[in-house]
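**Student:** coordinates only, sequence not included:
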């Protein structure tokens, strides 16, 4: 197994009724399957802790916020079942985020691509710095944003999601804020963290039942997503085996 597939970490800390989930990976905070499974499990465990009022998702600051799924793992897919399992990774994390009875806040300190956009869209609130541009890069390697599509489209609306999925170009942080992917954009990390700390302090004293009921309304009519995302993962898994995608991956590696 490649070292990059076993590298990285997910750490959880709880302070003053707020849980912090921090992921890190040496390749621009990309997320191989093992880290995605750990994240999904950790968020699910936190969701069952009544004392936790909010969950903050963040990543290591020496790279992008998230470069999406592991490219090395994508290359190693050998059959449709492996492909489906690979693309189910982000689905499990997004479902854990949206099903949690607590608010999930995401702190975005840098650029975001692919599946990382899905994590932001699955958040209830997200803060970012001006340099946190984003793009959906899937089509560039012969697949598409099928698994993260439902949550990103729900956040953006069909038009902006379609545009973002087709041209695979960078959108700046202000675009993301205007279209609802970022709740607020700040000049720098210091300003972002000051505002986030103020919000966390407020949420730590909030009524948990009110938060729980708000979450239900935020994600109403998504009960079918488990089955939907499973089907979407199968589509992506099959595409990953296509000649076109294999050629696109080879071209990408030669850059």
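**Tutor:** On my side now, so go ahead. Computed from a predicted model, the values in this text were never measured in an experiment.

**Student:** which parts of this protein are strands?
**Tutor:** Read by DSSP state E, the chain holds these strands, from start to end of the chain: 9-15, 18-24, 54-59, 103-108, 112-113, 125-129, 134-135, 184-186.

**Student:** dump these into TSV; add mean neighbour count and mean pLDDT as well.
**Tutor:** C-betas here are computed from N, CA, C, even on glycine. Listed next are those as TSV, based on neighbours: other Cβ atoms under 10 Å; pLDDT from 0 to 100:
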stretch	mean neighbour count	mean pLDDT
strand 9-15	13	96
strand 18-24	20	97
strand 54-59	24	98
strand 103-108	25	98
strand 112-113	27	97
strand 125-129	23	98
strand 134-135	23	98
strand 184-186	18	98
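
**Student:** nearest to residue 30, out of the ones you listed?
**Tutor:** Nearest to residue 30, of all the strands of the chain, is strand 112-113, at 8.9 Å by Cβ to Cβ.

**Student:** which neighbouring elements make contact with the closest one?
**Tutor:** Contacts defined by 3 or more Cβ pairs under 8 Å, 6 or more residues apart in numbering; DSSP states H and E place strand 112-113 against strand 134-135.

**Student:** I'd like the strands of the chain written out as CSV, with distance to residue 237 added.
**Tutor:** Listed next are the strands of the chain as CSV, based on distance: least, Cβ to Cβ, whole Å:
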stretch, distance to residue 237
strand 9-15, 24
strand 18-24, 23
strand 54-59, 25
strand 103-108, 26
strand 112-113, 20
strand 125-129, 28
strand 134-135, 22
strand 184-186, 35
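
**Student:** out of these, which gets nearest to residue 214?
**Tutor:** Among these, strand 103-108 comes nearest to residue 214, with 7.7 Å by Cβ to Cβ.

**Student:** in its sheet, what does that closest one sit against?
**Tutor:** When sheet partners are counted by DSSP bridges, strand 103-108 sits next to strand 54-59 (parallel), strand 125-129 (parallel).

**Student:** list the contacts of residue 33.
**Tutor:** 5, 70, 73, 85, 86, 89 (Cβ atoms under 8 Å, 6 or more residues apart in numbering).

**Student:** residues near residue 243, how many?
**Tutor:** Burial of residue 243 is recorded as 8 neighbouring residues (other Cβ atoms under 10 Å).

**Student:** my bad, residue 117
**Tutor:** A total of 30 residues lie near residue 117 under the criterion other Cβ under 10 Å.

**Student:** quick one: it and residue 134 touch, right?
**Tutor:** Yes: counting by Cβ atoms under 8 Å, residue 134 is a contact partner of residue 117 at 5.4 Å.

**Student:** joint contacts of these two?
**Tutor:** When contacts are counted by Cβ under 8 Å, 6+ apart, residue 117 and residue 134 are jointly contacted by residue 181.

**Student:** need phi/psi at residue 17.
**Tutor:** In this entry, residue 17 is assigned phi and psi values of phi 70, psi 10 (degrees, to the nearest 10).

**Student:** check it and give its pLDDT.
**Tutor:** The predicted local distance difference test score for residue 17 is 90.
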